[in-house]
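> what would the 3D arrangement of this be:
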Amino acid sequence: MAKRRRRPAGAMGVPLGAKRARREAERAPSPAPNGSADLDADLDADLDAAGSTTPPNPTTRGGQPLYVLRETLACAVRSGCVACAHKIVAGAAVPPGCLPNVRPELCPRAAAALSFAAPEPAARFVGLYPRTVGRRPVRVLTVGDGDLSFSLSLARRLGAASVTATTFEPRASVAASYPDTGAANVAELERLGARVVHGVDVANLARWFPAQPASEADAFFDFVVFNFPCVAVRGAPGSDAQSAEMEANLELLARFGESACELVRPVRGRVHVAHKTKAAFGSWDVPARVCGARAALEPEGAVVFDRCAYPGYTNRKALDRKSFPVSDAVTYVFRVRGSARSAGAGGGAAAADDAVFGLSAPTVTPVTAAVVGAVVSGPLRGAPARRPVPRTRRDSSDAPRTGPR
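A predicted model of the protein is given here:
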C-alpha cells in the first residue's frame, strides 16, 4: 500500500500542527474564572496540601517578588496546563524528569485568547486591570503598542472610554509594519470610541497629555503600560536591539520612567512594564532603569505575564509582524515613591482602592514555594487534569470559545 503523504497545511493555509494544537486545547478542561469562590477554595486547598509548612514569602524573578494571576495558576494546577506551568516556574531550578515546555496553543484558554470577543459585563478585571475604580471607569494609557492589539483587547473588555492607545510610529508606518493587523486594529479602536494617538515619544509623554486640573479623575491615568519596550532599528525590522542598541534601550527605560511619573495617579496609580527575563533580556535590569535617579517610582513586584489573559493580543517585534516567545516574561509593577504610606494613611477607603491597583488585588497571588511545588508535582510531572471547577461566573479570560469542536 502506498505511503500516505501528509499535507503541509490545512484549510486557509494553517499548519496542521497549529490546528491540532488548537483542537487539543479546546478538548482540555477549562479553568474556572478568577472570581469563582469554588476556584479560590480549590486552589487554596491544593496549595496548602502541596506546601503547608513552607513560608508564605514569594519567590523572585528579575530581582523582584513574583506574583501570578489566579487564572494562570488555575490553568496550570487545576487544568494540568504545561504551558502555564512553565510560565510560573520559568527561570527556576526545575527537577529532572519534568515535562518540557509545549507550544502556547496547547493552553486550554488559547482558542478563546485568539478572539477579540468581549466577555459578559460581570467581569470585574481584565488580567491586571479593573473595570472600575470606585464608581468611575478605570483610565489606562498604553504606549509603544506595536499593532495596538493589546489596546484593542483592553478596549473591548474595559470599555473604549477607559483606553488611550498610543504608538511611536505614525499611522502610515503602523499600517505598513503590521499589514495584517495594524490598520484594522486602529480602525476598530476608533470605531469603538477609544482615543488613538500616533507619534508619541514615551520620553516626553506630558507633551501629548498635559495635566488637566479641572478634575483629578481626568488629569491622571490609573495605569501607564509599556509592553516589551525596544527601540526600533531602521532598516532592520524585527531586530532585538540587544547589542549596538543596548544603551539606547536602557536610556529609553529611564526616560520612560521619568515621563510616566507625570501622568500616573500619584497615590494609587501604577506603571507596568512587561519584559522578558531570560538572557540577554534579563541583563536590562528593568526595575533599576525605570526607577532611576530622575524617576519618582519604586518597584512593587513582578507578575508572570500571561498573554491569554488579554484575548486578541499578540506581542509583535519592533516594526515587524513577527511575534516572539514570552513564557519567561513578567509585568514589572511600579508605584510612585511614598504612595504606599500615603494609601495607608488615607484609611480604609484608600487602602481598598490601593488593593484594586496593586499586587494585593484579588486576581493576583504570590508565587510561593507551595505554588512552585504544586506546579512541579502536578502538570510538570504529567499528572492528569483535576476536576474542572463549575463555571458559575465569567471573568477576563472567559471569552466565548471559537474554532472547531
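> quick check: buried residues in stretch 311-323?
By neighbour count on 16 or more other C-beta atoms under 10 Å, the buried set for stretch 311-323 is Pro311, Gly312, Tyr313, Thr314, Asn315, Arg316, Lys317, Ala318, Leu319, Asp320, Arg321. From N, CA and C alone the C-beta is placed, and that goes for glycine too.
> no wait, stretch 170-178
Neighbour-count burial for stretch 170-178, counted by 16+ other C-beta under 10 Å, picks out Ser173, Val174, Ala175, Ser177, Tyr178.
> next one: the second one, what pLDDT does it get?
Read it as Val174. Per-residue confidence for Val174 comes out at a pLDDT of 93.
> show me where pLDDT drops low in the stretch 251-400 of the chain?
For the stretch 251-400 of the chain, the stretches with pLDDT under 70 are 339-355, 386-400.
> helices along that one, start to end?
286-290, 339-345, 348-357, 369-377 (DSSP state H, counting those that start in this stretch).
> just the stretch 51-200 of the chain next, same as before
Defined through DSSP H, counting those that start in this stretch, the helices belonging to the stretch 51-200 of the chain, from first to last, are 70-77, 82-89, 110-113, 149-158, 171-177, 182-192.
> compare the ones you listed and give me the one nearest Phe228.
helix 149-158 (9.7 Å; C-beta to C-beta).
> which other helices and strands contact that closest one?
Packing contacts for helix 149-158, counted by 3 or more C-beta pairs under 8 Å, 6 or more residues apart in numbering; DSSP states H and E, involve strand 125-126, strand 140-143, strand 163-166, helix 182-192.
> quick one: closest of the ones you listed to Lys278.
Between Lys278 and those, the shortest gap by C-beta to C-beta is with strand 140-143, which sits at 23.7 Å.
> how far is the closest one from where the chain is centred?
Mean-position distance between strand 140-143 and its chain equals 13 Å (C-alpha atoms, centre = their mean, to the nearest Å).
> just checking, what packs against it?
By contact count (3+ C-beta pairs under 8 Å, 6+ apart), the secondary structure elements abutting strand 140-143 are helix 149-158, strand 163-166, strand 223-227.
> how about the ones you listed in a markdown table, adding distance to Arg139?
Putting those into a markdown table (distance: least, C-beta to C-beta, whole Å) gives the following:
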| stretch | distance to Arg139 |
| --- | --- |
| helix 149-158 | 10 |
| strand 163-166 | 7 |
| strand 223-227 | 8 |
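> dump those into JSON lines; add distance to Gly282, mean neighbour count and mean pLDDT as well.
As requested, the helices and strands packed on strand 140-143 are exported to JSON lines (distance: least, C-beta to C-beta, whole Å; neighbours: other C-beta atoms under 10 Å; pLDDT from 0 to 100):
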{"stretch": "helix 149-158", "distance to Gly282": "22", "mean neighbour count": "27", "mean pLDDT": "95"}
{"stretch": "strand 163-166", "distance to Gly282": "27", "mean neighbour count": "26", "mean pLDDT": "97"}
{"stretch": "strand 223-227", "distance to Gly282": "17", "mean neighbour count": "26", "mean pLDDT": "97"}
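> and of these, who's closest to Glu258?
strand 223-227 (12.0 Å).
> with just CA atoms, put that closest one into CSV.
As requested, C-alpha coordinates have been extracted for strand 223-227 and formatted as CSV (Å, rounded to 0.1, in the frame of the first residue of the first chain):
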residue,chain,number,x,y,z
PHE,A,223,-2.2,52.7,34.7
VAL,A,224,0.5,53.6,32.3
VAL,A,225,1.5,50.4,30.4
PHE,A,226,4.6,49.7,28.2
ASN,A,227,4.8,46.1,27.0
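> that one - contacts with which helices or strands?
strand 140-143, helix 246-260, strand 270-275.
> looking at the ones you listed, which is nearest to Ala93?
Scanning these with C-beta to C-beta as the criterion, the closest one proves to be strand 270-275, at 21.7 Å.
> who does that closest one pair up with?
The strands beside strand 270-275 in its sheet (DSSP bridges) come out as strand 223-227 (parallel), strand 330-336 (antiparallel).
> dump those strands to JSON lines, plus distance to Ala160.
Converted to JSON lines, the strands paired with strand 270-275 look like this (distance: least, C-beta to C-beta, whole Å):
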{"stretch": "strand 223-227", "distance to Ala160": "16"}
{"stretch": "strand 330-336", "distance to Ala160": "22"}
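> Pro108 is nearest to which of those?
For these, distance to Pro108 was read as C-beta to C-beta. The smallest value, 21.7 Å, belongs to strand 330-336.
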